[in-house]
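Give the three-dimensional model of this entry:
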Amino acid sequence: MNILSKTAAPVLGASHTPAGASAEQFAETQIQAFELRRKALVRLTADVHWLTGRPSNSIRWMSTRRDLVEMNDLAWMQRTLTDRQGRPYSRRQLARRVFAVVGQSMPHSLERVVSQIRERATAELSILYRYQQFVDEPNILQRFCKSRTSTSLIFNI
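Numbering: from 1, shown residues only. All right, here's what the predicted structure looks like:
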């Protein structure tokens with residue numbers, strides 16, 4: 001089961017509404033959920049963009065490699081990140097760059113890891129879910145990484 005299909009299914013054609021909710025309330029709830037997701041994706045993509053601008057091995061990633069793969073993939077799907085020549089990054093190019101910044105090796109089978117992430121059953125494990133929880137807080141990325149030097153990190157807000 002794809003975690004994105006859980007929230008999108010009602011909007012994309014299912015005709016049922018939760019018990020006790022009017023169609024208008026249900027529609028408003030869905031609009032709010034999609035707006036929250038959009039805001040979280042914008043923040044996440046900006047943070048990945050910030051990471052790509054850092055020197056190699058300058059950031060210490062404190063979360064899981066799966067989180068980093070998922071974060072990279074969600075940002076890549078937005079098609080807004082470009083390399084130095086202004087061309088959109090490929091998924092592998094972006095992952096290579098981000099993993100170099102955090103000083104870790106990229107998974108050999110990146111696409112398989114992405115597929116496994118998309119097929120997980122619980123949305124609460126998603127980095128996007130966590131971004132949604134903290135979307136109005138400054139420095140979300142600081143929860144997942146820190147600078148390897150003594151200088152402070154300045155994150156996108």
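
Can you tell me how far residue 65 is from residue 55?
20 Å (Cβ to Cβ, to the nearest Å). Where you see a C-beta, it was placed from the backbone N, CA and C, and this is true even at glycine.

who's more crowded, those two?
residue 65 (15 against 10; other Cβ atoms under 10 Å).

any idea of the pLDDT on the more buried one?
Each residue has a pLDDT score; the one for residue 65 is 95.

what do you get for residue 125?
For residue 125, the predicted pLDDT is 88.

So what's the residue count around it?
15.

Residue 54 in helix, strand or coil?
coil (DSSP: H, G, I helix; E, B strand; the rest coil).

How many residues are close by it?
There are 18 residues near residue 54, going by other Cβ under 10 Å.

List the single closest residue to it in space, sequence neighbours excluded.
residue 101 (4.8 Å; Cβ to Cβ, 6 or more residues apart in numbering).

wait, isn't the one you found in contact with residue 48?
No. Applying Cβ atoms under 8 Å, one finds residue 101 not in contact with residue 48, separated by 9.9 Å.

who has more neighbours, these two?
Counted by other Cβ under 10 Å, residue 101 and residue 48 do not tie: residue 48 has more neighbours, with 26 against 22.

so that one touches residue 70, yeah?
No. Assessed by Cβ under 8 Å, residue 48 is found out of contact with residue 70, at 10.8 Å.

wait, what's in contact with residue 94?
Contact analysis of residue 94 by Cβ atoms under 8 Å, 6 or more residues apart in numbering lists 48, 52, 72, 75, 76, 81.
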